[in-house]
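Student: Provide a 3D model corresponding to the input given below.
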Amino acid sequence: MKRYSPERKATVLAKLLPPYNMTVSLLAQQEGISDATLYNWRNQARLEGKPVPGANKTTEQWSSEARFAVIVETATLSEAELGEYCRRKGLYPQQIAQWKQAFIEQNNDSPADKAQLKQQAKENKQLKRELARKEKALAEAAALLVLPKKAQPLLRDGRRGRLTPVLERVQFIQWIREAMNQGARLTPACREVNISLRTWKRWHRQAEDRRPTAVRPTPGNKLTLAEEQQVLTVCNQPEYASLPPAQIVPRLADNGIYLASESTFYRILRRHGQVHHRGRSRAPVTLSKPTSYHATAPRQVWTWDVTWCASRVRGRYFYLYLIEDIFSRKIVGYEVHEEENGEHAAALLHRAVLRERCYRQPLVLHADNGGPMKSQTLKAKLEELNITGSHSRPRVSNDNPFVESLFRTLKYMPGWPSAGFTGLDEARRWVERFSRWYNEAHRHSGIGYVTPEQRHQGQDTSLLANRKAVYEAARKARPGRWSRQCRQWQREGVVMLNPDKPQNASEKAA
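Tutor: Okay, here's the model as predicted:
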């Protein structure tokens, strides 16, 4: 086996470094040394800590071990010796200085650096925790978005006590469990399907509802058979035969008598088959809310309209002009004419203002969009009397509900001549009798079942207080009959016309 001197090895290995940078295969051909021998020499030099690059590597690609060996070898060299070493190794003095500074900085762990690293680690941990929380929140949001869509056909309306079938309960439980498996919490999932947490727990514990089969005791406040018969007897007396319970109960209270509440009256009558719609009118319907003003006292907001009164002659009608105070429901002006025009309306309005002694006071007059209501004659009279005009919305028939309700009461009275009036004088006499009855005898449901005249004069406060005392005495005598508080006979302080867009009447008139 051929042997080589150390000088020969160093010379050959130097050709692997700059400025030669020869490859192992090329150097082997030039020197006549095998590739394996050269690789062996290079590995031995690397293990000894000598700067020996790898194949096809520049000085910037040397390993940390090679750089550290260069730093150690040049630590004791002078400037001239360092220059010679760098030329021999293919390096620059600046490179060695940079490597040395990098090693110093890498191993210089100051307290400030440690504190900074600790703070960065803490922030990193906090960011990871925040990221995990947001990912969980996103998963829950996605699950809660899907849950209502699944349960849309079976969503509850929020009413308490509703009987939910067993199959629906099982389906709700399954949907909520799926949402929880996808990351949703139980309480928000229950909220999305309009059920409480207690309801879900009860369904989960026992799916079947046992309320239909429960044995319920007889209520302690139930009326006896004799008391029910007394209610029936009172309702069928000639004095109350034509009145509904809503009119009977306050009349009895005015006489110091209390038998039962209105709902109990209706319940007893219904049980005995005595609750049916009577008269020529249709069943009540819910009207849409209009838009208008507030009235806190009489003579603030009036409403008026014209209605047709049929005569005995086919095709001939008389026209009833009527003005009503919405606060007291009192008829403050009326007249019957054979034609419909603005002159009659202006004259009636002027006469009503003088009778009510509210000349040039803030007042609102509401009407629909008929011809007399928008006539120039009536507009001039409104300006003369300092009255603010108000009109219903176009093509909306229920923006004038107070006077329309009054006309309904008028035309569906038992004494209304369904065959028609024989003449103008008869129509005027009939309307006069109706106006007197309506203002002085009729107890209006919208103002606490007092008469419009009593409310107009401010007498309703004492009447309602007396009714309240009668109710409280009856409740004190038989407290077991009262499952709730007494009926609130309270005076209605504010009356609104068209409450969708509230506006104070006095401010509008000013």
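Student: list the helices and strands the helix or strand harbouring residue 8 packs on?
Tutor: Under the criterion of DSSP states H and E, residue 8 resides in helix 6-14. Helices and strands touching helix 6-14, by 3 or more Cβ pairs under 8 Å, 6 or more residues apart in numbering; DSSP states H and E, are helix 35-47. The C-beta positions use only the backbone N, C-alpha and C, and glycine is treated the same way.
Student: and the helix it packs on, C-alpha only, in PDB?
Tutor: Only the C-alpha atoms of helix 35-47 are listed here, as PDB (Å, rounded to 0.1, in the frame of the first residue of the first chain):
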ATOM      1  CA  ASP A  35     -11.100   8.900  -5.400                       C
ATOM      2  CA  ALA A  36     -11.500   6.800  -2.300                       C
ATOM      3  CA  THR A  37      -8.200   7.900  -0.900                       C
ATOM      4  CA  LEU A  38      -9.000  11.600  -1.400                       C
ATOM      5  CA  TYR A  39     -12.400  11.200   0.200                       C
ATOM      6  CA  ASN A  40     -10.700   9.400   3.100                       C
ATOM      7  CA  TRP A  41      -8.200  12.300   3.500                       C
ATOM      8  CA  ARG A  42     -10.900  14.900   3.500                       C
ATOM      9  CA  ASN A  43     -13.000  13.100   6.100                       C
ATOM     10  CA  GLN A  44     -10.000  12.700   8.400                       C
ATOM     11  CA  ALA A  45      -9.200  16.400   8.100                       C
ATOM     12  CA  ARG A  46     -12.800  17.300   8.800                       C
ATOM     13  CA  LEU A  47     -12.700  15.100  12.000                       C
END
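Student: quick one: contacts of that helix?
Tutor: Residues from elsewhere that reach helix 35-47 (Cβ atoms under 8 Å, 6 or more residues apart in numbering): 9, 12, 13, 16, 24, 25, 27, 28, 52, 65, 66.
Student: state the distance from the first one to residue 41.
Tutor: Looking back up the chat, that one is residue 9. Remark: distance between residue 9 and residue 41 (Cβ to Cβ, to the nearest Å) = 6 Å.
Student: likewise for the last one?
Tutor: Distance of residue 66 to residue 41, given as Cβ to Cβ: 15 Å.
Student: picking up where we left off before, the helix or strand that the helix holding residue 8 is followed by: how far from the chain's middle?
Tutor: Remark: after helix 6-14, the chain's next helix or strand is helix 24-31, criterion DSSP H and E. On the basis of Cα atoms, centre = their mean, to the nearest Å, helix 24-31 sits 87 Å off its chain's mean C-alpha point.
Student: helices and strands around helix 24-31, which ones?
Tutor: Under the contact definition 3+ Cβ pairs under 8 Å, 6+ apart, helix 24-31 sits against helix 35-47.
Student: next helix or strand past the helix it packs on?
Tutor: Scanning forward in sequence from helix 35-47 by DSSP H and E, the next helix or strand is helix 64-73.
Student: tell me the angle of that next one relative to helix 35-47?
Tutor: 60 degrees (axes from the mean of the first three to the mean of the last three Cα atoms, to 10 degrees).
Student: please name every helix or strand in contact with helix 64-73.
Tutor: Looks like helix 64-73 contacts helix 93-106 (3+ Cβ pairs under 8 Å, 6+ apart).
Student: show residues contacting the helix it packs on.
Tutor: Residues outside helix 93-106 that contact it (Cβ under 8 Å, 6+ apart): 59, 60, 67, 68, 70, 71, 74, 82, 83, 86.
Student: tell me the two of those that are most distant?
Tutor: Within these, 68 and 83 form the most distant pair, 20.8 Å apart (Cβ to Cβ).
Student: neighbour count: the two, which is higher?
Tutor: Using other Cβ atoms under 10 Å, the more surrounded residue of residue 68 and residue 83 is residue 68, with 16 against 13.
Student: can you check the pLDDT for that one?
Tutor: Residue 68 carries a pLDDT value of 81.
Student: what of residue 45?
Tutor: The per-residue pLDDT reported for residue 45 equals 74.
Student: can you give me the domain boundaries for this protein?
Tutor: 6-106, 132-205, 221-278+470-491, 293-448 (automatic domain parsing).
Student: including distance to residue 464, could these go into TSV?
Tutor: Putting the domains of the chain into TSV (distance: least, Cβ to Cβ, whole Å) gives the following:
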stretch	distance to residue 464
domain 6-106	93
domain 132-205	32
domain 221-278+470-491	4
domain 293-448	5
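Student: and those, which is most packed in?
Tutor: domain 293-448 (a mean of 18; mean count of other Cβ atoms under 10 Å).
Student: phi, psi of residue 489?
Tutor: phi -80, psi 80 (degrees, to the nearest 10).
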